[in-house]
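In: Fold the following, please.
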Amino acid sequence: MRTFALSFFLVTLPLCAQVKPTGGPAPTAPTANSPQSPQPIPQIDPSQHWRNATVALGSVITVGGTERLVVEGSAVIVAVDEKRGCLLTAKHMIEDPASGIVRPALWMRLSSEHGEEMPSIPLDLVDSQGKAIWIGAPDSDLALIPIPWAKLQGRKLDGVSIKEFAATEDEVFQGAQILVLGYPQVFRNADQTNPYSTSPIARVGIIAWTNPADPLGKPFLVDANLYGGNSGGPVFRVRNGFDRYGNFNIGNGGLAFIGIVSQGPTVTTPIIAGGGIVSRPNALTGVPETEYTVVPYVGGIGVIEPASRAKELLSRVFQLADKPIPLQIRKP
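Out: Numbers count the residues shown, from 1 in each chain. Next up, the predicted model:
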């Protein structure tokens with residue numbers, strides 16, 4: 001085991017950690033020198049803040065001399081306060097759960113408000129001495145990655161505030177309406193890039209199951225049509241509609257962050273190549289048998305790591321960040 005100080009999470013540039021207001025600025029009252037009528041209050045998209053906080057993760061390839069991002073998953077920017085933040089994602093985006101192999105780097109791309117493709121930003125996951133500079137939860141599929149502030153100078157970022165994490169069972173219950181943001185790879189170009197990944201794709205659904213003994217602390221299931229690329233993306237409780245007591249709420253009830261996508265549904269399917277199904281002779285009988293593989297399935301149930309576990313990890317990391325006490329982590 002190696003250790004390192006967590007000072008890399010301390011940043012000096014400001015982080016836009018507050019939820020953008022939904023009502024807009026108040027109109028100016030007319031005065032003796034300003035007889036005109038008050039201006040209408042501008043309408044603000046309440047979900048824009050959450051979209052801006054959701055980023056794409058993946059690998060960079062070169063196509064025709066131009067670097068392009070192949071999206072593999074998602075993450076959400078978390079604002080601990082106005083000066084400190086990090087990326088929260090699924091640990092399996094960094095460390096393969098079967099082999100234990102840790103990738104040395106990822107790339108991230110911020111969401112675009114105008115549809116243009118933003119530049120890919122490298123995320124180093126190990127330092128020059130080979131020490132990991134990311135933090136993984138020991139008992140859940142969650143990880144924190146430092147934000148590369150040197151490559152984001154002068155840019156403010158939207159981030160989910162710790163105060164917006166679900167804290168009561170009224171937010172996480174069976175049948176609750178949810179919103180999932182992320183970069184599912186439903187469509188791909190011939191070069192494996194996605195023409196629809198300049199901003200996150202929204203999927204809606206419900207909470208399908210929670211652990212009766214610990215609905216806030218244990219992984220729960222959602223029915224939200226998850227797909228490959230949603231891994232590591234944020235899940236929000238939509239506070240409109242029916243609450244857990246059967247009361248119906250009308251209007252903009254807002255969102256509460258309730259978790260991170262850990263696993264999506266998969267299905268076993270035959271391997272097809274050259275227009276036919278691939279088969280291989282059985283080693284014992286010599287009879288050809290169809291070859292199968294496991295692929296993501298469009299639709300169905302997904303597993304969500306709860307916000308409470310993410311908050312525990314964040315609290316542990318950022319409490320230690322202000323003290324000269326190292327945190328033991330896995331060395332890749």
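In: and the gap between the most centrally placed residue in the chain and residue 53?
Out: Closest residue to the average C-alpha location of the chain: residue 233 at 2.3 Å, with C-alpha atoms, centre = their mean. As judged by C-beta to C-beta, to the nearest Å, residue 233 and residue 53 stand 11 Å apart. Bear in mind the C-beta positions are built from the backbone N, C-alpha and C, glycine included.
In: what does residue 286 give?
Out: Note on residue 286: its distance to residue 53, by C-beta to C-beta, is 57 Å.
In: which of the two has more neighbours?
Out: residue 53 (30 against 7; other C-beta atoms under 10 Å).
In: what's the distance between the more buried one and residue 262?
Out: Counting by C-beta to C-beta, the gap between residue 53 and residue 262 amounts to 19 Å.
In: Kindly report the same for residue 100.
Out: As defined by C-beta to C-beta, residue 100 lies at a distance of 17 Å from residue 262.
In: ok, the two, which is more surrounded?
Out: The residue with more neighbours, out of residue 100 and residue 262 and counting by other C-beta under 10 Å, is residue 262; that gives 21 against 9.
In: Pull the number of nearby residues for the closest residue to that one other than its chain neighbours.
Out: Once flanking residues are discounted, residue 262 sits nearest to residue 141: 4.2 Å by C-beta to C-beta, 6 or more residues apart in numbering. Residue neighbour count, defined by other C-beta under 10 Å, stands at 24 for residue 141.
In: Please list all residues in contact with residue 141.
Out: Applying C-beta atoms under 8 Å, 6 or more residues apart in numbering, we find residue 141 in contact with 90, 91, 92, 97, 260, 262, 263, 305.
In: So among those residues, which ones count as buried?
Out: Buried positions within the contacts of residue 141, assessed by neighbour count (16 or more other C-beta atoms under 10 Å), are 90, 91, 92, 260, 262, 263, 305.
In: how far away is the spatially closest residue to the first one that is not a sequence neighbour from residue 287?
Out: Setting aside the residues directly before and after it, residue 90 is nearest to residue 232 in space (C-beta to C-beta, 6+ apart), at 4.0 Å. Relative to residue 287, residue 232 is positioned 42 Å away (criterion: C-beta to C-beta).
In: Have a look at these two and say which one is more surrounded.
Out: Comparing residue 232 with residue 287 by other C-beta under 10 Å, the one with more neighbours is residue 232, at 32 against 8.
In: Can you classify that one by secondary structure?
Out: What DSSP: H, G, I helix; E, B strand; the rest coil gives for residue 232 is coil.
In: And it, how far from residue 248?
Out: Distance of residue 232 to residue 248, computed by C-beta to C-beta: 33 Å.
In: tally of neighbours for residue 106?
Out: Under the neighbour criterion other C-beta under 10 Å, residue 106 is assigned a count of 24.
In: and it, what helix or strand is that in?
Out: Element membership of residue 106, judged by DSSP states H and E, is strand 105-109.
In: same thing with residue 257?
Out: With the criterion set as DSSP H and E, the secondary-structure element containing residue 257 is strand 255-263.
In: tell me the average confidence for that strand?
Out: Summarised as a single mean, pLDDT over strand 255-263 is 93.
In: repeat for stretch 173-184
Out: Average pLDDT, stretch 173-184: 93.
In: Likewise for stretch 236-246?
Out: Stretch 236-246 shows a mean pLDDT of 85 in the predicted model.
In: Name the residues of the strand holding residue 106 that come out as buried.
Out: Taking 16+ other C-beta under 10 Å as the neighbour-count basis, strand 105-109 is seen to contain the buried residues 106, 107, 108, 109.
In: Would you mind giving these as CSV with distance to residue 187 and pLDDT added?
Out: Below are the buried residues of strand 105-109 laid out as CSV (distance: C-beta to C-beta, whole Å; pLDDT from 0 to 100):
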residue, distance to residue 187, pLDDT
106, 22, 94
107, 20, 94
108, 20, 93
109, 17, 92
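In: out of the residues you listed, who's nearest residue 62?
Out: Closest to residue 62 out of those is residue 107 (12.7 Å), distances taken as C-beta to C-beta.
In: Next, the buried residues of stretch 47-56.
Out: For stretch 47-56, the neighbour count (16+ other C-beta under 10 Å) marks 47, 49, 50, 51, 52, 53, 54, 55, 56 as buried.
In: hang on, isn't the last one packed against residue 184?
Out: So the one you mean is residue 56. No: judged on C-beta atoms under 8 Å, residue 56 makes no contact with residue 184 at a distance of 10.5 Å.
In: which ones are touching the residue nearest to the centre of the chain?
Out: Listed by C-beta under 8 Å, 6+ apart, the contact set of residue 233 reads 54, 73, 74, 75, 76, 180, 181, 182, 183, 200, 260, 261.
In: Near the third one, how many other residues are there?
Out: It stands for residue 74. Other residues near residue 74 number 31, with proximity taken as other C-beta under 10 Å.
In: Am I right that it is in a helix?
Out: No: assessed with three-state DSSP, residue 74 is strand; it does not lie in a helix.
In: related to what we said a few turns ago, from the contact counts, what lies against the strand holding residue 257?
Out: Counting contacts by 3 or more C-beta pairs under 8 Å, 6 or more residues apart in numbering; DSSP states H and E, strand 255-263 packs against strand 66-79, strand 177-182, strand 234-238, strand 301-306, helix 307-321.
In: Sounds good, over and out.
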